[in-house]
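Chemist: give me a 3D structure for the following:
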Amino acid sequence: MHRLLPLLPAVPLLGAALLVAGGRRLPRPVAETFGCLVAAVTAALAGLLLLHSTPPMAAWVGGWFPKGGESVGIVLVGDGASLGMVTLVSLLTLAALAYSWHYFDEPPRGHTGSFPALLLLFQGGMCGFALAGDLFNAFVFFELMSVVAYALTGYRIDEAKAVQGALGFALVNSLGAYFMLMGIALLYARTGELGMAKIGQGLDAAAAGHGPDALTLAGFVLFLTGLLVKAAAVPFQFWLPDAHAVAPTPVCMLLSGVMVELGVYGVWRVYGLVFSGPGGIPAADATRALVTLGVLTAAVGAVMCWYQRHIKRLLAFSTIAHTGLFLVGVGVLKAQADEGTALYVLAHAGVKAALFACAGMLLDRYGSVDEFSLHGRARELRGVGIMFGVGALALAGLPPFGTGLGKAVSEEAVGGPLTALYIAASALTGAAVLRVAARVFLGLGPRPGEPRDEEREEDETSGSGEEPETRQRLDRIPATMRSVPAVLLVAALAVGAVPGFAHAVGERVDESGARGVFSAVHWTATGILLDLLSTALAVAVAGLAVARPRLLAAPGWALPLRRLQSGHVGDYVAWLLVGVALLGALALPGVLG
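Modeler: Residues are numbered from 1 along each chain as shown. This next block holds a predicted model:
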C-alpha cells in the first residue's frame with residue numbers, strides 16, 4: 001500500500017496540468033466535471049490508505065532508499081494524522097469544486113479550466129505538505145500551496161481590492177516562508193539531516209545531555225514562524241481577514257476550512273518529531289509559547305469577530321478565534337488534547353466551509369455581504385437561513401455536532417482557566433454568526449444605524465456594493481450551491497454523532513503522536529453541560545445584540561484593536577517581526593537554563 005502514497009499529491013497535480021493543457025478546447029462542463037472527478041479519486045485513495053495506516057507507512061519517491069542510515073531522497077509518511085488531513089483536504093476541495101459548478105463568469109480568452117486547475121494545484125500542494133517526512137520538501141509543498149493560494153485570492157484581477165488583498169497575503173506569507181527556510185538551514189547546519197525524525201535524533205546527539213542551545217532555539221522560532229503565519233496566529237493574523245474579504249467564496253471555503261488548520265498541523269507534527277527530545281525545546285517552554293499565542297489568538301479573534309459587519313470578515317475572524325483554540329489544544333502536549341483538537345478541526349472544516357458557502361449565496365443574490373444593508377432582505381432564502389443558523393449553533397458547540405465533541409474533549413484535557421477560554425471564544429463567535437442570521441434572514445430587531453465617527457474604520461469595507469461572483473445577480477440559487485453546505489453540515493454532525501467515529505479518530509491521532517496512553521473519546525455529562533452552556537450564552541448574547549444593539553456597541557478599548565487591522569502591509573510586516581521576538585522570548589528560558 002505504501003507505493004500508492006506518491007499518488008496523493010501527484011494525481012491532483014497531473015489533473016491540473018491536463019486541465020491547463022486542454023482548457024482552451026474543453027467545454028466548461030467537461031473541465032469542471034474532470035476537476036471534480038480528480039478530487040474525488042484522490043479522496044477515495046486517501047480514505048483507502050487511511051484504513052490501512054496501522055502501522056504507519058513510508059514511501060521513498062523514485063526509489064531513493066536510505067543507505068547506511070543516510071538518505072537524500074524524498075520521503076512521504078502515511079500515518080493516521082497525515083492521511084486524515086489529506087482526506088479532509090480532498091473532500092473539501094471536491095466540495096469547493098461542486099459549489100463552484102457554473103459559478104463564475106467565463107474566464108478570459110475562453111480558458112475554461114483555469115479555476116478548477118488552480119484548485120487542484122492547491123489540493124496537490126496541501127496533500128504533499130501533509131505527507132512530507134522531511135523539512136525541505138515540506139517547505140517545497142508549503143510554497144506551492146502558498147503561491148496557488150495567492151493566485152486564487154486575487155483571481156478576480158479586474159478588481160483592485162482583490163489584487164491588494166492577494167498582495168498583502170503574498171508578502172506576509174512569503175516572509176514567513178523565508179523565516180521557515182532559514183530555520184531549515186540552521187537545523188541542517190547543526191545535524192546534517194533534513195528528515196524530521198533524523199533531525200530530532202541529531203539534535204539529541206548534539207546536545208549530549210546539556211539541553212538545547214541558541215542555534216536550536218533559533219531554528220525552532222524561525223521554522224514555527226512560517227507555520228504560525230499560515231495558521232494566522234496572533235500577531236501574524238492580519239493578512240487573513242483582508243484575503244477572505246476579496247477571495248472567491250470557494251477559495252474562502254478552503255482557506256478557512258483546511259489551509260489554516262494545516263499550519264496548526266505542521267506545528268504539532270514538527271514539534272513532536274523534531275523538537276520534543278532532550279536536545280529540542282523543553283515541553284514546559286513549548287507549552288508556554290504555544291498556549292500563550294493560542295490564548296491571544298482566541299481572544300483577539302473572538303472580539304474582532306463580534307465587531308464586524310462585513311460577513312466574510314466576520315467569518316474570517318471566527319476562524320482566527322478557533323485557530324487559537326486549536327493551538328491551545330496542541331500546545332498543552334497531551335494525547336487527549338490532540339484527540340479533541342483533531343475532532344474539532346474535522347468538524348470545524350465542514351461548518352466553516354458551509355457558512356462561507358451561505359455567505360457566497362448572499363453575495364450573488366443581493367450583491368452585498370453587509371449585515372446592516374442586508375437587514376431583513378433574505379427572508380425568502382429560508383433554507384439558506386436555516387443552514388446559517390445551524391452553522392452558528394455548531395460553532396458555539398451545540399451537541400451532538402463534532403465541534404461540540406471536539407471542544408468538550410479539549411476542555412477536559414486543558415482544564416482550569418483554559419476551559420473558560422473555550423467556552424467564551426466559541427460562545428462569542430457563535431453569537432456573532434447568530435446575530436447575522438437573525439438580522440439578515442429574519443429581519444429581527446431595529447435596522448442597524450451607521451456607526452459613530454469614532455467607531456468607523458477608515459480602511460475597512462462594509463461589504464455593501466460588492467460585485468457578484470456570477471455573471472449577474474442570481475434570481476434563484478442553484479441546487480448545487482444549496483446542497484454543498486447542507487452536506488457539509490451533515491458531515492460535521494456525523495463527526496460527533498456517528499458511534500465509533502470519534503474513537504477511531506482518537507486512535508489514529510494517538511498512533512501518530514505517541515504522547516501518551518490512548519483514552520477513549522466519547523461524550524461525557526460534563527462535556528455536554530459545558531457545550532450547552534456555551535450554546536446558551538451564544539443565543540443570549542445574540543438576542544441581546546439584536547434587541548438592544550447599542551448595549552453591545554464597540555467600547556473604547558476595542559477601537560485601537562480594530563484599527564490595528566489597517567490594511568497596510570508595512571504594519572503587518574512590523575507585527576510579524578514582533579511575533580518572532582515574542583515567540584523567541586517565550587521559548588528562551590529553556591535555553592538559558
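Chemist: give me the contacts around stretch 148-166.
Modeler: 115, 118-119, 121-122, 125, 167, 169-170, 173, 242-243, 245-248, 251, 255, 259, 461, 467, 469, 567 (C-beta atoms under 8 Å, 6 or more residues apart in numbering). Placement of C-beta: from N, CA and C, glycine included.
Chemist: for that stretch, measure first residue to last.
Modeler: 11 Å (C-alpha to C-alpha, to the nearest Å).
Chemist: could you give me the buried positions within that stretch?
Modeler: Across stretch 148-166, burial judged by 16 or more other C-beta atoms under 10 Å covers 148-156, 162, 165-166.
Chemist: filter these down to the ones in helices?
Modeler: The helices, defined by DSSP state H, take in 148-153, 162, 165-166 from the buried residues of stretch 148-166.
Chemist: and the strands in the stretch 451-593 of the chain?
Modeler: With strands called from DSSP state E, counting those that start in this stretch, the stretch 451-593 of the chain shows none.
Chemist: cool, the stretch 301-450 of the chain as well?
Modeler: Using DSSP E, counting those that start in this stretch, strands in the stretch 301-450 of the chain do not occur.
Chemist: helices of that one, residue ranges please.
Modeler: Counting by DSSP state H, counting those that start in this stretch, the stretch 301-450 of the chain has helices at residues 311-331, 335-366, 382-396, 402-414, 417-442.
Chemist: make JSON lines out of those and add mean pLDDT and mean neighbour count.
Modeler: Below are the helices of the stretch 301-450 of the chain laid out as JSON lines (pLDDT from 0 to 100; neighbours: other C-beta atoms under 10 Å):
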{"stretch": "helix 311-331", "mean pLDDT": "96", "mean neighbour count": "28"}
{"stretch": "helix 335-366", "mean pLDDT": "94", "mean neighbour count": "28"}
{"stretch": "helix 382-396", "mean pLDDT": "96", "mean neighbour count": "23"}
{"stretch": "helix 402-414", "mean pLDDT": "95", "mean neighbour count": "28"}
{"stretch": "helix 417-442", "mean pLDDT": "96", "mean neighbour count": "24"}
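Chemist: can you add distance to Pro56 and give those back as JSON lines?
Modeler: Shown next, in JSON lines, are those (distance: least, C-beta to C-beta, whole Å):
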{"stretch": "helix 311-331", "distance to Pro56": "19"}
{"stretch": "helix 335-366", "distance to Pro56": "16"}
{"stretch": "helix 382-396", "distance to Pro56": "32"}
{"stretch": "helix 402-414", "distance to Pro56": "23"}
{"stretch": "helix 417-442", "distance to Pro56": "30"}
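Chemist: nearest to Ala138, of these?
Modeler: Ranking the helices of the stretch 301-450 of the chain by proximity to Ala138 (C-beta to C-beta) places helix 311-331 first, at 16.9 Å.
Chemist: what's the closest one packed up against?
Modeler: With contacts taken as 3 or more C-beta pairs under 8 Å, 6 or more residues apart in numbering; DSSP states H and E, helix 311-331 sits against helix 239-246, helix 249-254, helix 260-270, helix 283-306, helix 335-366, helix 402-414, helix 417-442.
Chemist: returning to what we had before: closest to Leu363 out of the ones in helices among the buried residues of stretch 148-166?
Modeler: After measuring those against Leu363 - C-beta to C-beta - the closest member comes out as Ala162, at 13.3 Å.
Chemist: still on that earlier bit, nearest to Ala59, out of the helices of the stretch 301-450 of the chain?
Modeler: helix 335-366 (23.1 Å).
Chemist: how big is the angle separating the closest one from helix 311-331?
Modeler: Between helix 335-366 and helix 311-331, the angle comes out at 170 degrees (axes from the mean of the first three to the mean of the last three C-alpha atoms, to 10 degrees).
Chemist: in what helix or strand does Val172 lie?
Modeler: Element membership of Val172, judged by DSSP states H and E, is helix 160-191.
Chemist: so which bits of that helix are buried?
Modeler: 162, 165-177, 179-184, 186-188, 190-191.
Chemist: next: stretch 198-207.
Modeler: 198-204, 207.
Chemist: for Leu240, give its distance to Phe139.
Modeler: 21 Å (C-beta to C-beta, to the nearest Å).
Chemist: again, but for Leu49
Modeler: 24 Å.
Chemist: and if you look at Pro241?
Modeler: Taking C-beta to C-beta, one finds Pro241 at 26 Å from Phe139.
Chemist: try Val580
Modeler: The value you get for Val580 to Phe139, if C-beta to C-beta is used, is 17 Å.
Chemist: try Ser426
Modeler: Relative to Phe139, and taking C-beta to C-beta, Ser426 is found at 33 Å.
Chemist: cool, and Ala149?
Modeler: 15 Å.
Chemist: give me the below-cutoff pLDDT ranges for the stretch 201-350 of the chain.
Modeler: Along the stretch 201-350 of the chain, segments meeting pLDDT under 70 span 209.
Chemist: coming back round to it: quick check: next helix or strand after the helix holding Val172?
Modeler: That would be, after helix 160-191 and using DSSP H and E, helix 196-207.
Chemist: rewinding a little: and of the helices of the stretch 301-450 of the chain, who's closest to Thr287?
Modeler: Closest among those, using C-beta to C-beta: helix 311-331, at 5.4 Å.
Chemist: the closest one: how far from the chain's middle?
Modeler: Put simply, helix 311-331 sits 8 Å off its chain's centre (C-alpha atoms, centre = their mean, to the nearest Å).
Chemist: quick check: angle from that helix to helix 239-246?
Modeler: Using the same axes, to 10 degrees: helix 311-331 against helix 239-246 is 150 degrees.
Chemist: just the angle for helix 311-331 relative to helix 382-396, thanks.
Modeler: 30 degrees.
Chemist: export helix 311-331 to PDB, keeping only CA atoms.
Modeler: What follows is helix 311-331 as a C-alpha-only set of coordinates in PDB (Å, rounded to 0.1, in the frame of the first residue of the first chain):
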ATOM      1  CA  ILE A 311     -20.000  38.900   6.900                       C
ATOM      2  CA  LYS A 312     -16.900  37.300   5.200                       C
ATOM      3  CA  ARG A 313     -14.600  39.300   7.500                       C
ATOM      4  CA  LEU A 314     -16.700  38.200  10.500                       C
ATOM      5  CA  LEU A 315     -16.300  34.500   9.500                       C
ATOM      6  CA  ALA A 316     -12.600  35.100   8.900                       C
ATOM      7  CA  PHE A 317     -12.100  36.400  12.500                       C
ATOM      8  CA  SER A 318     -14.100  33.400  13.700                       C
ATOM      9  CA  THR A 319     -11.500  31.200  12.000                       C
ATOM     10  CA  ILE A 320      -8.800  33.100  13.800                       C
ATOM     11  CA  ALA A 321     -10.500  32.600  17.200                       C
ATOM     12  CA  HIS A 322     -10.900  28.800  16.600                       C
ATOM     13  CA  THR A 323      -7.300  28.600  15.400                       C
ATOM     14  CA  GLY A 324      -6.300  29.900  18.800                       C
ATOM     15  CA  LEU A 325      -8.300  27.100  20.500                       C
ATOM     16  CA  PHE A 326      -6.500  24.600  18.200                       C
ATOM     17  CA  LEU A 327      -3.100  26.000  19.200                       C
ATOM     18  CA  VAL A 328      -4.000  25.700  22.900                       C
ATOM     19  CA  GLY A 329      -5.100  22.100  22.400                       C
ATOM     20  CA  VAL A 330      -1.800  21.300  20.600                       C
ATOM     21  CA  GLY A 331       0.300  23.300  23.000                       C
END
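Chemist: can you give me the angle that helix makes with helix 402-414?
Modeler: 40 degrees.
Chemist: what's the angle from helix 311-331 to helix 417-442?
Modeler: Going by the same axes, to 10 degrees, helix 311-331 makes 160 degrees with helix 417-442.
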